[in-house]
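Novice: based on what follows, work out the 3D shape:
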Amino acid sequence: MQLPVSVNTLGSLVTTGLGLFGLFRPKAAAAMVGISPDGARGLSEVRATYGGLFLAMGLYATVLQSDEVFRGLGLAWMGAAVARTFSFVRDGSRFTANLGGIVMEAAIAASLLVPWGRFFGG
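Specialist: This next block holds a predicted model:
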């Protein structure tokens, strides 16, 4: 069975979408991750990190369609999931939203790290 869009590409598109969200809706993106930007400088930081960084990584992986780039992006998402899990345990940040973040980050990581084409005729 040939999928019309690879699972790896879906992971990179989610990354791209989150980047667009962070770039154009920085206050909403900040609220989504539980931070409050301090003035124009804080908004700039949210746009740069949650916007530009995610957008560039996601677009690069989507356009290049390279297993190596998908894996690199997947490792970045896995790093986020591991760090959030560390905080969940170490900092006692046992909130539903944090648990949801761990699951989401790990799922995006899996979508990028697993060579899905081997399972679906890619």
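Novice: CA only for contacts and neighbour counts going forward, please
Specialist: Noted.
Novice: what's the burial count for Gly92?
Specialist: 9 (other C-alpha atoms under 10 Å).
Novice: brain fart, Gly52
Specialist: Count around Gly52 with other C-alpha under 10 Å applied: 20.
Novice: go on, Met104?
Specialist: Met104 has 14 nearby residues by other C-alpha under 10 Å.
Novice: tell me which element the residue nearest the centre of the chain falls in.
Specialist: Centroid-nearest residue in the chain, with C-alpha atoms, centre = their mean: Thr15, separated by 4.7 Å. Assigned by DSSP states H and E, Thr15 belongs to helix 7-24.
Novice: just after that helix, pick out the following helix or strand.
Specialist: Heading C-terminal from helix 7-24 (DSSP H and E), you reach helix 26-32.
Novice: report the buried residues of the helix holding Thr15.
Specialist: The neighbour-count check on helix 7-24 (16 or more other C-alpha atoms under 10 Å) flags 7-13, 15-23 as buried.
Novice: let me see the mean pLDDT of that helix.
Specialist: Taken as a whole, helix 7-24 carries a mean pLDDT of 97.
Novice: before we move on, back to that, wait, the residue nearest to the centre of the chain sits on Ala61?
Specialist: No: using C-alpha atoms under 8 Å, Thr15 makes no contact with Ala61, being 9.4 Å away.
Novice: returning to that earlier point: just checking, what packs against the helix holding Thr15?
Specialist: Here helix 7-24 touches helix 26-32, helix 54-64, helix 67-90, helix 96-113, going by 3 or more C-alpha pairs under 8 Å, 6 or more residues apart in numbering; DSSP states H and E.
Novice: how about that helix as CSV, C-alpha atoms only?
Specialist: Extracted in CSV, the C-alpha atoms of helix 7-24 (Å, rounded to 0.1, in the frame of the first residue of the first chain):
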residue,chain,number,x,y,z
VAL,A,7,4.2,9.7,7.8
ASN,A,8,7.6,11.4,8.0
THR,A,9,6.3,14.2,5.9
LEU,A,10,3.3,14.6,8.2
GLY,A,11,5.7,15.1,11.1
SER,A,12,7.5,17.7,9.2
LEU,A,13,4.3,19.4,8.2
VAL,A,14,3.1,19.5,11.9
THR,A,15,6.5,21.1,12.7
THR,A,16,5.9,23.7,9.9
GLY,A,17,2.4,24.4,11.1
LEU,A,18,3.5,25.0,14.6
GLY,A,19,6.2,27.3,13.3
LEU,A,20,3.6,29.3,11.4
PHE,A,21,1.5,29.5,14.5
GLY,A,22,4.4,30.7,16.6
LEU,A,23,5.4,33.3,14.0
PHE,A,24,2.0,34.8,13.3
